[in-house]
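[1] Got a sequence here, can you model it:
(chains A and B)
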Amino acid sequence: AQSVTQPDIHITVSEGASLELRCNYSYGATPYLFWYVQSPGQGLQLLLKYFSGDTLVQGIKGFEAEFKRSQSSFNLRKPSVHWSDAAEYFCAVGARAGGTSYGKLTFGQGTILTVHP
Amino acid sequence: EADIYQTPRYLVIGTGKKITLECSQTMGHDKMYWYQQDPGMELHLIHYSYGVNSTEKGDLSSESTVSRIRTEHFPLTLESARPSHTSQYLCASSESATGGSLYGYTFGSGTRLTVV
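    The predicted model follows:
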């Protein structure tokens, strides 16, 4: 079964500092990988996704993520954080075609990002 | 803007009451999902549907039930609410494309349920 681990429950950074949120996944092959952001009281918004090809993917709001197969990781990065980036971030994995998990996303427990002025 | 709508946004209800959480989408997506989210925890899939008259239970056992009589509508019902059902419930939908496009989930804003 697929699973996702986000080791950091809460991260605090200063505005303008760089950011890296960690995500490790467990899956038997190359999965589909996603990062979502959730603001308080809201649903989830897709930031970026990896399906195949270039392992460095660009997303919205200046975010990027790098797929590293050897480390089973898909860490999210941003070079300069803005106060509006404060939110909860979820990494998710989806199975490729075939198997009972196809079409269903498995989420990590989330990382809460606090941004200090 | 969101094309998937959940009502109510907030609900406080007494133990033993029957409740229905509404979810509707206007995108014509075949696939719809219900996730349960507790604070500090990951989202857990509790129900999904791959089309009209098709519903399946998800990975997390839930006492709720769902129906899919119309493509755009995927309500979730609790016959007898209990405090253990207190949580946030998120509805999502995705298109019918195969492969990675299948995972173009769109989420609603959620219903925060409190059972007292």
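[2] Helices along chain A, start to end?
    Assigned by DSSP state H, the helices in chain A number zero.
[3] which parts of it sit against chain B?
    A:4, A:9, A:32, A:34, A:36, A:41-46, A:49, A:51-52, A:90, A:94, A:96-97, A:102-110 (CB under 8 Å from any CB of the partner chain). No exception for glycine: its C-beta is placed from N, CA and C like everyone else's.
[4] can you map out the strands along the chain?
    As the question left the chain open, I've gone with chain A. A:3-5, A:10-14, A:19-21, A:24-26, A:32-38, A:44-50, A:56-58, A:64-68, A:73-78, A:87-94, A:105-107, A:111-116 (DSSP state E).
[5] switch to chain B, that's the one I care about
    B:4-7, B:10-13, B:19-25, B:31-37, B:43-51, B:54-57, B:65-66, B:76-78, B:87-94, B:106-107, B:111-115.
[6] And the fourth one, how far out from the chain middle?
    What it means is strand B:31-37. 4 Å (CA atoms, centre = their mean, to the nearest Å).
[7] so it versus strand A:32-38, what angle?
    60 degrees (axes from the mean of the first three to the mean of the last three CA atoms, to 10 degrees).
[8] quick one: is strand B:31-37 near chain A?
    Yes. Contact of strand B:31-37 with chain A (CB under 8 Å from any CB) involves B:Lys31, B:Tyr33, B:Tyr35.
[9] ok, the second one - how many residues close by?
    I take that to be B:Tyr33. 25 (other CB atoms under 10 Å in any protein chain shown).
[10] what's the answer for A:Gly110, then?
    Per other CB under 10 Å, the neighbour tally for A:Gly110 reads 26.
[11] And it, what's its pLDDT?
    A:Gly110 is assigned 95 on the pLDDT scale.
[12] what about it, distance to B:Gly108?
    18 Å (CB to CB, to the nearest Å).
[13] quick one on the thing from earlier: could the strands of chain A be laid out in TSV, adding distance to B:Pro83?
    Listed next are these as TSV, based on distance: least, CB to CB, whole Å:
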stretch	distance to B:Pro83
strand A:3-5	29
strand A:10-14	27
strand A:19-21	33
strand A:24-26	33
strand A:32-38	24
strand A:44-50	26
strand A:56-58	42
strand A:64-68	38
strand A:73-78	35
strand A:87-94	24
strand A:105-107	24
strand A:111-116	25
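[14] circling back: now the strands of chain B in JSON lines, please, with extra columns for mean pLDDT and distance to A:Arg77.
    Listed next are those as JSON lines, based on pLDDT from 0 to 100; distance: least, CB to CB, whole Å:
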{"stretch": "strand B:4-7", "mean pLDDT": "96", "distance to A:Arg77": "29"}
{"stretch": "strand B:10-13", "mean pLDDT": "97", "distance to A:Arg77": "35"}
{"stretch": "strand B:19-25", "mean pLDDT": "97", "distance to A:Arg77": "32"}
{"stretch": "strand B:31-37", "mean pLDDT": "94", "distance to A:Arg77": "25"}
{"stretch": "strand B:43-51", "mean pLDDT": "93", "distance to A:Arg77": "23"}
{"stretch": "strand B:54-57", "mean pLDDT": "94", "distance to A:Arg77": "36"}
{"stretch": "strand B:65-66", "mean pLDDT": "96", "distance to A:Arg77": "38"}
{"stretch": "strand B:76-78", "mean pLDDT": "96", "distance to A:Arg77": "36"}
{"stretch": "strand B:87-94", "mean pLDDT": "95", "distance to A:Arg77": "26"}
{"stretch": "strand B:106-107", "mean pLDDT": "92", "distance to A:Arg77": "23"}
{"stretch": "strand B:111-115", "mean pLDDT": "96", "distance to A:Arg77": "31"}
